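Engineer: Quick one, fold the following:
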Amino acid sequence: MPHHPIYPDLKGKTAFVTGGSGGIGAETCRWLAASGVRLAVGGRDEAALSRVVDDLVQNGAQALAIPADCTDPAALDGARAAIEQRFGPVDILMAFAGGGTARPAAVHDTSETDWRSALDHNLTATFLTLKAFLPGMRERRSGAIVTMASTAGRAASAASSAYASAKAGVIMLTRHLAQEVGPLDIRVNCVSPSAILTERTARHMPAEQRAAIAALHPLNRLGTPADVAAAALFLDSDCASWITGATLDIAGGRLMH
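Structural biologist: Numbering: from 1, shown residues only. Sure thing, here's the model as predicted:
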């Protein structure tokens with residue numbers, strides 16, 4: 001396993017990472033595994049999920065594949081039961097699943113189907129994931145949660161208005177929940193990436209387009225899944241023990257507050 005920063009306080013904890021079958025989610029699993037976290041890896045693509053989990057196990061991690069659609073409450077309840085049976089209660093929840101059919105378009109050209117798809121697969125999926133795992137965390141009075149937003153939800157851009165609205169909703173949902181469960185010693189934070197060079201982006205984005213997008217960022221490069229994983233791992237750890245309700249922009253300086 002490549003070198004990753006180690007957070008000793010995470011060793012022996014159990015994490016559920018939704019959207020873990022590739023990209024940022026899979027990389028976050030690798031970083032968590034390096035700190036000795038037991039991993040339940042969630043996703044809809046069972047073949048990709050198996051590849052990620054097999055790789056984790058071959059590198060010494062304790063990992064379990066959890067095929068689940070985060071828009072389905074029953075599937076999430078089943079996921080929780082399977083994780084608890086294998087590893088015990090979830091200490092760390094990474095609500096990273098997203099998707100949908102919406103593509104960039106003017107509001108008047110956005111179909112209701114695309115609008116609902118973006119909200120269901122990003123905002124509602126996050127809401128349902130939180131609902132499934134919050135009761136246990138509340139009972140134990142402990143836990144760390146990280147949600148996934150996007151710079152599209154932080155500032156108007158060329159992104160789909162449906163996707164941007166969903167991600168803005170994730171940010172506000174994170175803040176509300178952080179306020180609610182803070183007295184129970186449960187921390188809830190959000191990571192908000194800009195342009196990330198995932199495997200899929202690398203396959204489909206021409207080099208000229210990559211260079212043009214990189215030039216929009218003061219650090220003059222695209223982000224990587226590792227950039228997001230590093231930030232998420234910090235928010236999970238005791239190093240962030242007095243941080244909750246925060247949205248961390250992982251944006252190469254493109255978005256500054």
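
Engineer: can you give me the strands for the stretch 101-250 of the chain?
Structural biologist: Ranges of strands within the stretch 101-250 of the chain are 143-148, 186-193, 247-250, based on DSSP state E, counting those that start in this stretch.

Engineer: Dump those into CSV; add distance to Arg38 as well.
Structural biologist: No exception for glycine: its C-beta is placed from N, CA and C like everyone else's. Below are those laid out as CSV (distance: least, Cβ to Cβ, whole Å):
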stretch, distance to Arg38
strand 143-148, 14
strand 186-193, 19
strand 247-250, 25
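
Engineer: what's the most buried one of those strands?
Structural biologist: strand 143-148 (a mean of 26; mean count of other Cβ atoms under 10 Å).

Engineer: what does that one contact?
Structural biologist: 19, 24, 90-98, 126, 130, 133, 137, 170-171, 173-174, 177, 181, 185-191, 193, 232, 235-237 (Cβ atoms under 8 Å, 6 or more residues apart in numbering).

Engineer: The lowest-mean-pLDDT helix or strand in the chain - contacts with which helices or strands?
Structural biologist: The helix or strand of the chain with the lowest confidence, counting by mean pLDDT, DSSP states H and E, is helix 199-204 at a mean of 82. Packing partners of helix 199-204 (3 or more Cβ pairs under 8 Å, 6 or more residues apart in numbering; DSSP states H and E): none among the helices and strands.

Engineer: Extract the CA atoms of it and return them as PDB.
Structural biologist: Once non-C-alpha atoms are left out, helix 199-204 reads as follows in PDB (Å, rounded to 0.1, in the frame of the first residue of the first chain):
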ATOM      1  CA  GLU A 199     -10.100   7.600 -13.600                       C
ATOM      2  CA  ARG A 200     -13.200   8.400 -15.600                       C
ATOM      3  CA  THR A 201     -12.200  12.100 -16.100                       C
ATOM      4  CA  ALA A 202      -8.800  11.000 -17.300                       C
ATOM      5  CA  ARG A 203     -10.400   8.600 -19.900                       C
ATOM      6  CA  HIS A 204     -12.800  11.200 -21.300                       C
END
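
Engineer: check contacts around the residue nearest the centre of the chain.
Structural biologist: Per Cα atoms, centre = their mean, the C-alpha nearest to the average position across the chain is that of Phe96, at 2.3 Å. In this structure, Phe96 makes contact with Val17, Thr18, Gly19, Gly20, Ile24, Gly25, Thr28, Val146, Thr147, Met148, judged by Cβ under 8 Å, 6+ apart.

Engineer: Not counting its neighbours along the chain, what's nearest it?
Structural biologist: Once flanking residues are discounted, Phe96 sits nearest to Gly19: 3.8 Å by Cβ to Cβ, 6 or more residues apart in numbering.

Engineer: neighbours around Pro206, how many?
Structural biologist: Here the number of neighbours of Pro206 (other Cβ atoms under 10 Å) works out to 8.
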